[in-house]
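Chemist: coords please:
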Amino acid sequence: MRHGMTLGELLRLANDRLHLHATLTVVPAAGWRRSLYFDATGLPWVKPSPNMPDLESAMHYPGTCLFEGTNLSVGRGTALAFQIVGAPWLDTAAVLERLREGGRGKGEGLPGVEVSGMTFTPRAPTDGKYDGIELRGIRLRVTDRRRYDPTKAAVALLAALRVVHRDSLRFQRSELRPAGGRSRPATGDSRRARARRDLASVGTGPRPLPASAGRLSALLTLVLLRLLPRAASFSRL
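Modeler: Have a look, this model is predicted:
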């Protein structure tokens, strides 16, 4: 769900695992430590995507992205994208009760996060779910970053929804596709062959790229499409 690597590390991974032999120089960032959250850098948040409005959304995304493959909204078209999930048929009280039961009535099953009920109305959501319809939903708020595991929390929430709304919850197969739409994972040899073809084809179109830019673009594409599995609709983020 979350690889935890920098862009430079991703490029090095692709260069090494796919044997691309690209001339690659990664410039270290002064003062950066892996343990830092973005708000500790003192830099202003710049949306990496229209649906990633702030750091809170980014912390939940590795878990709530799972709901992209269901008939629940993840808050696209609101200011709380990926911090909420909801649907017109959702029984907030029943789902919250089920979550509490999972934690022996003490919320122990969801450490580091607070869950509560709310209503919200998506406006022009990019996933097309429930545009202009008021939804009943569950909101997640991080209370302890060190203890919070967004994927475990999302799975617990999904399990509670499955119990409470067995007849309403649906999984959309088109959103739960293998990376690249393949029915079988590619082997290492086929990935390397595609990598070489991709690199060879860069710059052959009507607007050729400089060799260095083309090689970097190909590396980025390979990292995103060949190495990183997608649990849901990764391409629309």
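
Chemist: quick check: domain ranges of this protein?
Modeler: According to automatic domain parsing, the chain comprises the domains 44-175, 178-230.

Chemist: worst mean pLDDT among those domains?
Modeler: Lowest mean pLDDT of the domains of the chain: domain 178-230, a mean of 50.

Chemist: what segments of the chain are strands?
Modeler: With strands called from DSSP state E, the chain shows them at 84-87, 113-120, 135-142.

Chemist: which neighbouring elements make contact with the second one?
Modeler: So the one you mean is strand 113-120. strand 84-87, helix 92-102, strand 135-142, helix 150-164 (3 or more C-beta pairs under 8 Å, 6 or more residues apart in numbering; DSSP states H and E). (Each C-beta comes from the backbone N, C-alpha and C, glycine too.)

Chemist: what is the shortest one packed up against?
Modeler: Think strand 84-87. Secondary-structure packing of strand 84-87 (3+ C-beta pairs under 8 Å, 6+ apart): strand 113-120, strand 135-142.

Chemist: list every C-alpha atom in it, with coordinates, as PDB.
Modeler: The C-alpha trace of strand 84-87 is given here as PDB (Å, rounded to 0.1, in the frame of the first residue of the first chain):
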ATOM      1  CA  ILE A  84     -14.200   9.500   5.100                       C
ATOM      2  CA  VAL A  85     -16.100   6.700   3.600                       C
ATOM      3  CA  GLY A  86     -19.800   6.600   3.100                       C
ATOM      4  CA  ALA A  87     -22.900   5.700   1.100                       C
END
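
Chemist: so what touches that strand?
Modeler: 64, 67, 71-75, 78, 118-120, 130, 135-140, 157, 168 (C-beta atoms under 8 Å, 6 or more residues apart in numbering).

Chemist: would you show me how to pick out the buried ones of the residues you listed in PyMOL?
Modeler: A single PyMOL command selects the buried members of the contacts of strand 84-87 (16 or more other C-beta atoms under 10 Å):
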select buried, resi 64+67+71+72+73+74+75+78+120+130+135+136+137+138+139+140+157
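
Chemist: and Met16, how far from Thr23?
Modeler: That one is not Met; residue 16 is Asp. According to C-beta to C-beta, to the nearest Å, Asp16 and Thr23 sit 13 Å apart.

Chemist: how about Pro111?
Modeler: From Pro111 across to Thr23, the span is 45 Å (C-beta to C-beta).

Chemist: which of those two has more neighbours?
Modeler: Neighbour count, other C-beta atoms under 10 Å: between Pro111 and Thr23, Pro111 has more, with 15 against 8.

Chemist: which residue packs closest to that one, ignoring adjacent ones?
Modeler: Spatial nearest neighbour of Pro111, chain neighbours left out: Arg147 (4.3 Å); criterion: C-beta to C-beta, 6 or more residues apart in numbering.

Chemist: pretty sure the one you found is touching Gly112, no?
Modeler: Yes - in this structure Arg147 lies within contact range of Gly112 using C-beta atoms under 8 Å: 3.5 Å.

Chemist: what ranges do the helices span in the chain?
Modeler: 7-17, 55-64, 92-102, 150-164, 188-201, 211-222 (DSSP state H).

Chemist: which elements pack onto the longest one?
Modeler: Applying 3+ C-beta pairs under 8 Å, 6+ apart, one finds that helix 150-164 contacts helix 55-64, helix 92-102, strand 113-120.

Chemist: determine which stretch of these is the most buried.
Modeler: Counting by mean count of other C-beta atoms under 10 Å, helix 55-64 has the highest mean neighbour count of the helices and strands packed on helix 150-164, with a mean of 22.
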